[in-house]
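Visitor: Next comes the sequence, and after it the predicted model I'd like to discuss.
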Amino acid sequence: MTERDKLICENTGLVHSCAKKFTGRGIEYEELCSSGCVGLIKAAKRFDESLGFKFSTYAVPVILGEIKQLFRDSGAVKVSRSIKELSLKINRVCEDYYREFCEEPSVTKIAELLDESIESVAEALSAMRLPVSLSYETEEDSRECDIPVESEEEEITERITLHQHLSELECRDRELINLRYFKGKTQSDTAKVLGMTQVQVSRREKKILLTLRQKIGGE
């Protein structure tokens with residue numbers, strides 16, 4: 001048995017733990033586990049123990065990512081083709097805007113850039129979120145409705161993924177991000193600590209944030 005196969009066999013429990021978080025949301029448990037296993041295999045292939053963190057820390061975001069992709073692909077909440085197409089346009093616009101300005105565009109700005117109404121953009125953004133199923137009963141039968149909500153698991157996943165990619169940065173870059181976003185230092189203060197100019201910090205910060213965004217987006 002190879003080291004990769006051993007990692008997969010020893011960590012199948014991670015798949016079940018992740019899949020259980022999404023039960024009752026419109027997709028069968030077996031399908032959730034199947035997608036989770038795909039994520040586990042991908043994680044085993046990419047894992048590099050020399051980076052200094054546990055396999056489970058690396059694998060969980062990848063497994064959850066595959067499961068979330070299942071929801072997006074299957075469309076647990078049915079949306080029109082036009083909304084799906086608008087969602088894709090929004091993704092592209094947001095990525096382009098962030099590359100240029102290093103910040104997320106507002107709903108109003110997205111609507112302006114795409115020449116769409118604010119209501120249409122808001123609807124498309126809502127359709128992009130994971131659903132949670134709510135069951136209710138009437139006199140005739142029991143029914144189920146899906147509403148979009150912010151996912152706690154998604155937030156946790158993003159934090160784990162961010163921590164992972166921060167640990168992969170060079171020491172100086174990691175310290176720059178730590179000073180700016182965890183200690184609340186200004187670019188000028190950060191420049192003094194690192195022996196750089198404010199302009200150098202600004203340029204380096206933009207490059208680091210772009211790199212992190214691309215890595216996290218590719219998960």
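Guide: Good, I have the coordinates.

Visitor: show me where this structure has strands.
Guide: Under the criterion DSSP state E, the chain carries strands at the ranges 131-137, 142-148.

Visitor: Do you know the pLDDT at Gly24?
Guide: pLDDT recorded at Gly24 is 76.

Visitor: mind checking how far it is from Leu32?
Guide: Distance check for Gly24 against Leu32: by Cβ to Cβ, to the nearest Å, it reads 11 Å. Bear in mind the C-beta positions are built from the backbone N, C-alpha and C, glycine included.

Visitor: okay, those two: which has more neighbours?
Guide: Leu32 (23 against 12; other Cβ atoms under 10 Å).

Visitor: That one and Gln69 touch, don't they?
Guide: No. Taking contacts as Cβ atoms under 8 Å, Leu32 lies outside contact range of Gln69: 11.4 Å.

Visitor: ranges for the helices of the chain?
Guide: 3-10, 12-20, 29-46, 55-74, 81-101, 107-114, 118-127, 152-167, 171-177, 187-194, 198-217 (DSSP state H).

Visitor: which of the ones you listed is buried the deepest?
Guide: Of all the helices of the chain, helix 55-74 has the most neighbours on average by mean count of other Cβ atoms under 10 Å, namely a mean of 20.

Visitor: Does Thr197 touch Gln187 like I think?
Guide: No. Applying Cβ under 8 Å as the test, Thr197 and Gln187 come out as separate, 9.5 Å apart.

Visitor: re earlier: could the helices of the chain go into CSV alongside mean pLDDT?
Guide: Below are the helices of the chain laid out as CSV (pLDDT from 0 to 100):
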stretch, mean pLDDT
helix 3-10, 84
helix 12-20, 88
helix 29-46, 88
helix 55-74, 82
helix 81-101, 81
helix 107-114, 85
helix 118-127, 71
helix 152-167, 62
helix 171-177, 90
helix 187-194, 92
helix 198-217, 85
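
Visitor: Mind listing residues that contact stretch 97-108?
Guide: 93-94, 109, 113, 118, 121-122, 125, 205-206, 209-210, 213 (Cβ atoms under 8 Å, 6 or more residues apart in numbering).

Visitor: and it, how far from the chain's centre?
Guide: When distances are taken as Cα atoms, centre = their mean, to the nearest Å, stretch 97-108 is centred 17 Å away from the chain's centroid.

Visitor: got the end-to-end distance for it?
Guide: Length of stretch 97-108, first residue to last, Cα to Cα, to the nearest Å: 13 Å.

Visitor: cool, stretch 5-23 as well?
Guide: 27 Å.

Visitor: Which residues outside that stretch are in contact with it?
Guide: So stretch 5-23 is contacted by 1, 29, 32-33, 36-37, 39-41, 44, 47, 55-56, 59-60, 63-64, 67, 71, 153 (Cβ under 8 Å, 6+ apart).

Visitor: try 6 Å this time
Guide: With contact meaning Cβ atoms under 6 Å, 6 or more residues apart in numbering, stretch 5-23 is reached by 29, 32-33, 36-37, 40, 44, 55, 59, 63-64, 67, 153.

Visitor: which of those residues sit farthest apart?
Guide: Farthest-apart pair in the contacts of stretch 5-23 is Tyr29 and Phe55; separation 23.8 Å (Cβ to Cβ).

Visitor: Identify the residues contacting the residue nearest to Cys18 when sequence neighbours are not counted.
Guide: The shortest distance from Cys18 to any non-neighbouring residue, by Cβ to Cβ, 6 or more residues apart in numbering, is to Ile63 (4.8 Å). With contact taken as Cβ under 6 Å, 6+ apart, Ile63 is in contact with 15, 18, 36, 39-40.
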